[in-house]
Every structure is written in C-alpha cells, then in structure tokens.
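*Asks:* Sequence and computational prediction follow.
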Amino acid sequence: MPLRPLRTAAAASAIALSAALVLTSCASGSADASAGEKVTGGTIVYAHQQEPACVFGGWIEQAYLSYQVLDSLVSLDENHKVVPWLATAWKQSDDGLTWTFTLKKGVKFTDGTPVDAAAVAYNFDYWVTGGNSTAKVWLDGYYKSAQAVDAQTLQVNLSKPYPRFADNLTQGYFGIQSQKALETRTKEQNCEAPIGSGAFIVDKWNRGQDIILKRNKDYTSWPANALHTGPAIVDEVDWKFVADPTTRVAALQSGQVNAIYDVPAVQWNTLKDGGYQLEKYVTPGRPQQISFNSQVGPFTDEKVRQAFAYSLNRKQIVDTIGRGVIPFEGNGGVSQATPGYSEKAAAWYTQDTAKANELLDEAGWTQKNSSGIREKDGKELTVTLPYGAGSIINADGAAILQGVKEQASKVGFDVKLVPVPQAEFFSGKYSTPDAYDISVGYWTAVTAGILYINWRPSTPDNPNYSNSTFSSDQTLADYILEGNSAADLDAQNAAYEKAQDYIAEHALSIGVYDRLSTLAVSPKLKDVWQEHAQGGPTFYDAYFVK
C-alpha cells in the first residue's frame, strides 16, 4: 500500500466534481467512433480517483504520477523480467553484496544537469534519509551506500545479499530526480514539480482539481519495453482528480475525459459492451487483507483470530460485490499475482460457523447478550476496524467490508467499521496497538519480498511501523530472510511459501480480495497501457486517432 497510508479523503459531491471536468480533450470519448488516422499532439484528459500530497513519495498514487515524470534505473516488462531504462546493464558480485549499474550516456534532467552516477547515488541516500518512505523500507536492512565509480558506472553496496534487488527498483518509488533540484529548490517545489528526465514535465498543479503534465520535447531515455522511441506523442496530459466513481464513468461516456482509473465493478461490463478499452492489473504484493492486532485486545488469542476467519465466506462476499471483476484472495501474505504464492495458505480457512462458535467458546467468550454479541467477564466482543475510505479502500472495498461485518456478527463479533479520511489516516492516528483490533490494506510489490516489510519483527531499536499485527515472531522472520537471501529462485519461493503458511496457520492475517489497478479508455485514444510493476497508467506511448 505503500505506506501506512496517505490517501485522499472521499468526496466532494458528484455535481461539483462533474463541473470541475473541463472539456479539453482533443477527441471524443464516445464509444461508437471508429479508429482512424494517427494524430500527433493533443491533450489527454484523464480522471484519477485520488489526489496525493506530493507528486513523488511513498504512496502508490504518487508512484503513478511520478512514473510519468521520473525515469528509473530499470523497468519491468510484461513477463515480469527486469529490462533497461536509465541503466543499460547491471550485475551482482559473487558475494551478492555489490551491484554495479552502467548508465546510458547523454541523458539529462529537464533542468539541464546530467543523469550521471553521482546523481543516482545521491538519490539512494536521499531515499533512505527521508526522501521516500517506501523506498526506505525496501532498502532498510540491506542498503549500505552508493557511489559513482565514474560518470556512467554506479556501485551500490549492500550489507547482505538480496538477489531480487533489481526487481524492487522497477517500482515507481525509485524514480531518479535531479541532484541539483533536490539540493537547491525548496521542499515544496520538489513536492509539487519534481525534476526528472522523464517523458513529461509538471507544468502546473491546481490543487483539488488537476495536474497538467507537458511533453518533454528533449526526451531521450525511454525504457526498453516502451512501444515507441523519441518524445511522447501527445502534447500534454490533464491529470484530473475525480473522487466519485459514478462521475468518472459518466465523464468518460460523455466524452469529457479520455480515460479513467478505478472502474467500478458494476460498470465494467457496461463499458466493455460500449467498446471502451478496459485494462485490469492484479497487483503483486500484499492483497487487500485483514490482519489482527496480536499485541492488544481480543485477537491476542489465536483461537479468536481463527474464529473470525472461520466465520466468513469471503469468496461469497467478494463475488457478490465484485461481479467477477474483483478476484477473491484467501492468502493473507501475498496476492496470487506474486511469485512464490502459496495455494495452501490461500485455502487454509473456509466458512465454518460451527468451528468458529466452538473456538470462541474455548476462548471463554461463552455468553451472548440480547443483541447477539458475545461477552466475556462482562465485556462485549467488540472489535474496531478503521479503514482509509476513498483511498486504501474504494467504494467496492467498503461494501466488501460491510459484508465482513455482517457475517462475523452471526457468531457474535461486533465489528465497528470506522471510515477514515485520507489526511487523518495518513497522520498515523490509527497506527498504534491501542488504535484498532483489525487492520485492512495492501502493499504493492513485484516479489514476495514484501513479506519482509510487513512481517519483520518490530523492536524498540528497530521499529517496524509496517507490521500491522505488531507481532514479533522470529520463526516467521527467519523464513522471510531465507527467501530474501536465497540465490536460487526455487529456494526463494519455497521459503516464502513457508512464511505464508505460517501466517495462515496462526491466523495472523487472512486475505479478502486482490488489489486491482483498472483503466477504461476511449476508443479514440490508443496505446495507453499499464506499467508492469504496479499497474499505473502509462501515457508516453499514447496517441489519438481521428
């Protein structure tokens, strides 16, 4: 989810949002228009659902934006193979502790300074000292230093081997910024308009409305998996923020926008039948899952955690709300799109209310009050589940959580759903053991190494704020470290699977559904695709037809 949230708080009214949509597209979005002659130039009007605080940062919504502006060392192709971007080649030393990257020659940031090894090394240090919270947690425990061997040769030194290091660098959190810009501009300037070497440049940010991205006419550093070479084909992208899903769909159908993000499941087939291009990316990494506070409250008891898992028919809930678009996910560790996925962990719990009731009885929750809520020592089995409304959890996700609440109530749980606006959610208010009983959310990744971030034990000397269960289980930690360090892919996956099975066995987390990145695109706009590390929209190759 990178990171313990940040999101936009849900919604101004649909009417106000619709009024904010300006008719600036250069081609109609109507689905009955046939493909025709390729057009150079024009403005893509794109409706996204959330507005981040900065263009670059540790939340996936920022990675989607910064991907348009900042190039990375490497990219991920459709086969999940790491391919060149700013780096033309890379290698790992025999001991696994040194990575060497050879950079493209002649690439410049849009401020005219060179994209050289010194600038890239500076970015690594910038990330781990507070420049990007999610980049930092990926590097924590492994990164020692980065240095320029010469202008085109970067050396990254690790404290222990990490064979999938390059895979992780394909994520948008590792976009490279101008060293000069980071050193000389204000924090606010670099927040609103980071300087990269990418296909687009941030021209203007109208807070609460949109960001205008203009083509970098001098672009020379496209990734190896791009569909064309040279600068972007369109003149600009008008990246609008439209929180209400119904408004986004209506704007696409009316031709006010050319593409939208986060297609509601109920509208999927309507748009498909209408001739719109639909794209769906199942995000690797941690799925939308429920994790239990194992330090404070009723879920410190493993039997109570297991009872909650057995109380639910999660697949029924997801299939009902998701209408075949949203995939059910049983695995609480990683999603089915993640290498090293454990089918065993995914199938660990199916609904068994008799078993749930038996476990709650064994745990001492033997009484029920007049409302059907279980009690123990005069205390009700009330559990709090705060969630990032309109940010981490979209409208479909909120409906799924309502289904969880209703099913769990049948065995005596009183689930208090607490929708939390973006600013409040990302402030850290709901991140401590006394703040919740159940946590819900995702983390995007390209490998099962996400387990290291979500499950590394938290200690006073080395706190792990991404461990939402607050568990400190060394057996689990050892499985994950084994997976991270193993040179052989099969050995990596076997260790990661042991970790997932352990999480399931002890009911530390249960999966609910896979986090999706979805797009709907007008038939008059071609070659919009989703990048393969996180599923964000890619507009570099896009063009209109007339």
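*Replies:* Good, I have the coordinates. As the structure is a computational prediction, the values presented were derived from the model and not from experiment. Residues are numbered from 1 along each chain as shown.
*Asks:* Which parts of the stretch 101-250 of the chain are helices?
*Replies:* For the stretch 101-250 of the chain, applying DSSP state H, counting those that start in this stretch gives helices covering 117-126, 133-139, 165-168, 179-184, 187-192, 245-254.
*Asks:* need the next SSE after the worst-scoring helix or strand of the chain on mean pLDDT, C-terminal direction.
*Replies:* Lowest by mean pLDDT, DSSP states H and E among the helices and strands of the chain is helix 14-20, with a mean of 40. In the C-terminal direction, the helix or strand that comes right after helix 14-20 (DSSP states H and E) is strand 38-39.
*Asks:* counting contacts, what elements does the top helix by length along the chain pack onto?
*Replies:* Across the chain, the longest stretch assigned as helix under DSSP state H is helix 489-505. Helix 489-505 sits against helix 343-346, helix 450-455, helix 474-485, with contacts defined as 3 or more CB pairs under 8 Å, 6 or more residues apart in numbering; DSSP states H and E. Every residue, glycine included, has its C-beta placed from N, CA and C.
*Asks:* Which parts of the stretch 201-350 of the chain are strands?
*Replies:* 210-215, 236-241, 259-261, 277-282, 285-292 (DSSP state E, counting those that start in this stretch).
*Asks:* could I get those as JSON lines with mean neighbour count?
*Replies:* Listed next are these as JSON lines, based on neighbours: other CB atoms under 10 Å:
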{"stretch": "strand 210-215", "mean neighbour count": "22"}
{"stretch": "strand 236-241", "mean neighbour count": "24"}
{"stretch": "strand 259-261", "mean neighbour count": "27"}
{"stretch": "strand 277-282", "mean neighbour count": "17"}
{"stretch": "strand 285-292", "mean neighbour count": "28"}
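*Asks:* of the ones you listed, which approaches residue 368 most closely?
*Replies:* Minimum separation from residue 368 across the strands of the stretch 201-350 of the chain (CB to CB) falls at strand 285-292, 21.6 Å.
*Asks:* What pairs with the closest one, parallel or antiparallel?
*Replies:* Strand 285-292 has the following sheet partners, assigned by DSSP bridges: strand 438-444 (antiparallel), strand 509-513 (antiparallel).
*Asks:* Return the distance of residue 358 relative to residue 312.
*Replies:* From residue 358 across to residue 312, the span is 16 Å (CB to CB, to the nearest Å).
*Asks:* Next: residue 98.
*Replies:* 47 Å.
*Asks:* Mind checking which of the two has more residues around it?
*Replies:* Remark: of residue 98 and residue 312, residue 312 carries more neighbours, 26 against 14, as counted by other CB atoms under 10 Å.
*Asks:* pretty sure that one is in contact with residue 409, am I right?
*Replies:* No. In terms of CB atoms under 8 Å, residue 312 does not count as a neighbour of residue 409; the distance is 10.9 Å.
*Asks:* coming back round to it: reformat the strands paired with strand 285-292 as a markdown table; add mean neighbour count, mean pLDDT and distance to residue 267.
*Replies:* Below are the strands paired with strand 285-292 laid out as a markdown table (neighbours: other CB atoms under 10 Å; pLDDT from 0 to 100; distance: least, CB to CB, whole Å):
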| stretch | mean neighbour count | mean pLDDT | distance to residue 267 |
| --- | --- | --- | --- |
| strand 438-444 | 24 | 96 | 22 |
| strand 509-513 | 27 | 98 | 18 |
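*Asks:* re earlier: got the buried residues for the longest helix of the chain?
*Replies:* Neighbour counts over helix 489-505 (16 or more other CB atoms under 10 Å) mark 492-504 as buried.
*Asks:* what about the stretch 201-350 of the chain, any weak spots by pLDDT?
*Replies:* Across the stretch 201-350 of the chain, nothing is flagged by pLDDT under 70.
*Asks:* Skipping adjacent residues, who's closest to residue 318 in space?
*Replies:* Spatial nearest neighbour of residue 318, chain neighbours left out: residue 328 (4.2 Å); criterion: CB to CB, 6 or more residues apart in numbering.
*Asks:* Please report how far the one you found lies from residue 415.
*Replies:* Applying CB to CB to residue 328 and residue 415 gives a distance of 19 Å.
*Asks:* What is the neighbour count of the residue nearest to residue 318?
*Replies:* 19.
*Asks:* Is it in contact with residue 321, as I believe?
*Replies:* No. Applying CB under 8 Å as the test, residue 328 and residue 321 come out as separate, 10.4 Å apart.
*Asks:* which neighbours do those two share?
*Replies:* Common neighbours of residue 328 and residue 321 are not found (criterion: CB atoms under 8 Å, 6 or more residues apart in numbering).
*Asks:* Send me stretch 140-158 as CSV with only the CA atoms.
*Replies:* What follows is stretch 140-158, C-alpha atoms only, in CSV (Å, rounded to 0.1, in the frame of the first residue of the first chain):
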residue,chain,number,x,y,z
ASP,A,140,16.3,-1.0,5.2
GLY,A,141,18.5,-3.7,6.5
TYR,A,142,20.2,-4.2,3.1
TYR,A,143,21.5,-0.8,1.8
LYS,A,144,24.9,0.4,3.0
SER,A,145,26.0,3.0,0.4
ALA,A,146,26.1,4.1,-3.2
GLN,A,147,28.9,5.7,-5.1
ALA,A,148,30.0,6.8,-8.6
VAL,A,149,32.8,4.7,-9.9
ASP,A,150,32.8,7.0,-12.9
ALA,A,151,30.2,9.1,-14.7
GLN,A,152,28.4,6.1,-16.2
THR,A,153,29.1,3.5,-13.5
LEU,A,154,27.1,3.3,-10.3
GLN,A,155,28.1,0.9,-7.4
VAL,A,156,25.5,0.0,-4.8
ASN,A,157,26.8,-1.7,-1.6
LEU,A,158,24.6,-4.0,0.4
